[in-house]
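K.L.:
Sharing a model prediction with you, sequence too.
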Amino acid sequence: MDKQNSKYRWVVFVSVLFTYLLMASQRTAPGLITDQLMRDFQVTASTIGLLTSIQFFVYTILQIPMGILADRFGPNFFLIIGATLTGLGTIIYSLGTHEFVLFFARILTGIGDATIWVNMVLILAQWFHTREFVRLIGLAGMTGSLGFLLATVPFSTWIQLFGWRATFFSAGLLLCICGVLLYFVLVKKTKRIFVEEPIIIIEEVRREKTSVLLRRIFSNRQAWALFFCHFGVVGGYVGFISSWAVPYGMKMYETTRSDASQLIMIGLIGALIGAPLASWISSRLETIKRPYIVVQITVLVGWFTFVLFKGYPSLFLLIILFFIIGFGYGASALTFAAVRQSFPLTESGIVSGFANTGGFLSAVLLPIIFGYILDHFQSTSGSLVEGYYYGFFTPVLFSIIGLIGVILYREKRQGAEHKTNSHIS
């Protein structure tokens with residue numbers, strides 16, 4: 001029986017995406033308890049910024065190695081281990097009694113999280129025909145945003161009902177169960193049904209030395225353009241909502257934790273719409289660059305609006321801005337469409353990892369910079385309003401870098417073939 005024609009492929013699809021949903025939620029869920037951690041552990045905003053960034057830092061430095069390993073040895077093992085490590089890290093986080101334990105937990109979670117995207121894409125490529133893959137990869141991208149959505153009002157409600165420790169412990173336990181589930185679905189059951197595993201791509205990649213491949217990628221202008229594209233739209237959104245968005249809403253607009261998380265949910269709705277809509281527009285226009293330029297400019301205008309209003313826009317405008325920035329994050333799937341268009345299939349794993357590194361490097365930097373700025377103004381003038389105002393210059397700068405990246409990107413117009421490729425991430 002062929003994998004790509006079996007009904008079992010849908011079991012694989014649901015299992016992998018459910019795991020991705022839970023893993024994605026743990027990227028931003030700690031942002032819901034920023035103020036509680038500062039109070040319970042007596043730490044500063046700078047420390048919280050570092051704590052938030054450490055997971056994204058680990059995720060970032062592992063993207064290129066993970067792309068190489070997934071291309072060479074197959075994705076199943078790494079995804080199973082990644083889900084389990086993320087679960088263990090979340091459990092340790094819930095049991096932490098010192099900030100060093102929290103740092104260790106987030107490092108563990110970051111290692112697990114680094115496995116998900118590249119391996120998930122390769123697994124879906126193995127189990128589905130190209131036409132199905134094009135449609136389903138969009139759903140996979142939306143699942144990440146749904147994970148962020150889960151870490152807003154639902155997760156905030158659970159925290160209010162059961163406390164943050166019990167909530168995070170439960171999420172970690174569920175992720176460990178997912179690791180066991182993936183082992184049975186991807187390995188044990190699959191071996192019973194299917195005898196042979198495809199090794200064509202693995203053999204092709206092994207023919208070229210890793211050092212030669214890396215040197216070529218790192219000297220490629222197109223790869224760096226896509227790196228900067230992703231840097232501009234991902235980090236501002238992910239870095240801000242995972243650390244300072246909830247405290248920002250609570251302090252500046254005097255809202256409850258639940259109300260502040262609802263503001264974030266608006267951004268996540270934008271992300272859910274942005275991924276499929278941007279891909280559809282790109283397909284209709286048969287171009288990636290033009291819609292991506294519009295996305296980058298829109299995100300830049302969104303962040304600059306915070307600066308124009310001194311960090312305190314009206315509540316109605318704030319809702320619109322969160323939606324715009326979330327939409328831009330969802331549309332960042334165009335980065336991987338451009339990767340698929342610009343590079344051969346045998347290099348798509350490593351180049352996707354390289355581009356993804358750009359996005360999450362900015363997610364590492366933003367919480368740290370934002371935290372230091374808030375600490376500086378709180379210690380000198382005692383004004384959080386002024387601190388947030390100057391803090392918003394950081395995502396503005398990041399957005400400018402993203403716009404430069406998409407301008408440097410050289411598009412290959414390939415008609416109908418490009419129309420298909422532009423959806424793949």
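P.N.:
Thanks, I have the structure now.

K.L.:
What distance do you get for D71 to V121?
P.N.:
When distance is defined by CB to CB, to the nearest Å, D71 is 11 Å away from V121. Heads up, the C-betas are built off the backbone N, CA and C, glycines and all.

K.L.:
before we move on, what about R192?
P.N.:
25 Å.

K.L.:
So those two - more neighbours on which side?
P.N.:
V121 (23 against 7; other CB atoms under 10 Å).

K.L.:
what about the more buried one, which SS state?
P.N.:
Classification of V121 using DSSP: H, G, I helix; E, B strand; the rest coil returns helix.

K.L.:
next SSE after the helix or strand harbouring G82?
P.N.:
Using DSSP states H and E, the element containing G82 is helix 76-95. Next along the chain after helix 76-95, taking DSSP H and E as the criterion, comes helix 99-113.

K.L.:
Could you check the pLDDT of V134?
P.N.:
Predicted confidence (pLDDT) at V134: the value is 56.

K.L.:
before we move on, what about G31?
P.N.:
Confidence score, pLDDT, at G31: 76.

K.L.:
you'd agree it is up against S243?
P.N.:
Yes: using CB atoms under 8 Å, G31 is in contact with S243, at 5.3 Å.

K.L.:
got any residues that touch both of those two?
P.N.:
Here G31 and S243 have T52 as joint contacts, going by CB atoms under 8 Å, 6 or more residues apart in numbering.

K.L.:
got the CA positions of the helix holding G82 in CSV?
P.N.:
Written as CSV, here are the backbone C-alpha positions of helix 76-95 (Å, rounded to 0.1, in the frame of the first residue of the first chain):
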residue,chain,number,x,y,z
ASN,A,76,9.9,11.1,12.7
PHE,A,77,12.5,10.6,15.5
PHE,A,78,13.2,14.3,16.0
LEU,A,79,9.5,15.2,16.2
ILE,A,80,8.8,12.5,18.8
ILE,A,81,11.7,13.6,20.9
GLY,A,82,10.8,17.3,20.5
ALA,A,83,7.2,16.8,21.7
THR,A,84,8.5,14.9,24.8
LEU,A,85,11.2,17.5,25.6
THR,A,86,8.7,20.3,25.3
GLY,A,87,6.4,18.5,27.7
LEU,A,88,9.1,17.9,30.2
GLY,A,89,10.3,21.5,30.0
THR,A,90,6.7,22.7,30.6
ILE,A,91,6.3,20.4,33.6
ILE,A,92,9.6,21.6,35.1
TYR,A,93,8.6,25.2,34.5
SER,A,94,5.4,24.5,36.6
LEU,A,95,7.4,23.1,39.4
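
K.L.:
which stretches of the stretch 51-200 of the chain form helices?
P.N.:
76-95, 99-113, 116-127, 130-150, 153-162, 164-182, 189-193, 200-206 (DSSP state H, counting those that start in this stretch).

K.L.:
After the last one, which helix or strand is next?
P.N.:
Downstream of helix 200-206, the first helix or strand assigned by DSSP H and E is helix 210-218.

K.L.:
and the helix holding G82 with helix 116-127, angle?
P.N.:
150 degrees (axes from the mean of the first three to the mean of the last three CA atoms, to 10 degrees).

K.L.:
From F218, how far off is L272?
P.N.:
Taken as CB to CB, the span from L272 to F218 is 34 Å.

K.L.:
Neighbour count for the two, which is higher?
P.N.:
The neighbour comparison of L272 against F218 (other CB under 10 Å) goes to L272, with 21 against 12.

K.L.:
wait, isn't that one in contact with M142?
P.N.:
Yes: judged on CB under 8 Å, L272 makes contact with M142 at a distance of 5.6 Å.

K.L.:
tell me, what's touching those two both at once?
P.N.:
G330.

K.L.:
if we can go back for a sec, tabulate the helices of the stretch 51-200 of the chain (JSON lines), appending distance to F228.
P.N.:
Converted to JSON lines, the helices of the stretch 51-200 of the chain look like this (distance: least, CB to CB, whole Å):
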{"stretch": "helix 76-95", "distance to F228": "27"}
{"stretch": "helix 99-113", "distance to F228": "23"}
{"stretch": "helix 116-127", "distance to F228": "19"}
{"stretch": "helix 130-150", "distance to F228": "20"}
{"stretch": "helix 153-162", "distance to F228": "32"}
{"stretch": "helix 164-182", "distance to F228": "32"}
{"stretch": "helix 189-193", "distance to F228": "39"}
{"stretch": "helix 200-206", "distance to F228": "26"}
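
K.L.:
Which of these sits closest to T298?
P.N.:
Between T298 and the helices of the stretch 51-200 of the chain, the shortest separation by CB to CB is 17.2 Å, and it involves helix 130-150.

K.L.:
From the structure, what's the count of residues near L374?
P.N.:
Counted with other CB under 10 Å, the neighbours of L374 add up to 25.

K.L.:
most residues in a single helix of this protein, which one?
P.N.:
When the chain is parsed with DSSP state H, its longest helix is helix 348-380.

K.L.:
I'd like the next helix or strand past it.
P.N.:
Beyond helix 348-380 toward the C-terminal end (DSSP H and E), the next one is helix 384-391.

K.L.:
centre of the chain versus that next one, how much separation?
P.N.:
26 Å (CA atoms, centre = their mean, to the nearest Å).

K.L.:
Output the contacting helices and strands for it.
P.N.:
helix 245-252, helix 348-380 (3 or more CB pairs under 8 Å, 6 or more residues apart in numbering; DSSP states H and E).

K.L.:
Quick one: low-confidence residue ranges for the stretch 101-250 of the chain.
P.N.:
Counting by pLDDT under 70, the stretch 101-250 of the chain contains low-confidence residues at 130-135, 137-138, 195-208, 242.

K.L.:
Excluding covalently adjacent residues, which one is nearest to L365?
P.N.:
G235 (6.7 Å; CB to CB, 6 or more residues apart in numbering).

K.L.:
Tell me how far the one you found lies from D35.
P.N.:
Counting by CB to CB, the gap from G235 to D35 is 22 Å.

K.L.:
What are the boundaries of the helices in the stretch 201-350 of the chain?
P.N.:
Using DSSP H, counting those that start in this stretch, helices in the stretch 201-350 of the chain cover 210-218, 221-241, 245-252, 257-285, 289-308, 315-331, 334-342, 348-380.
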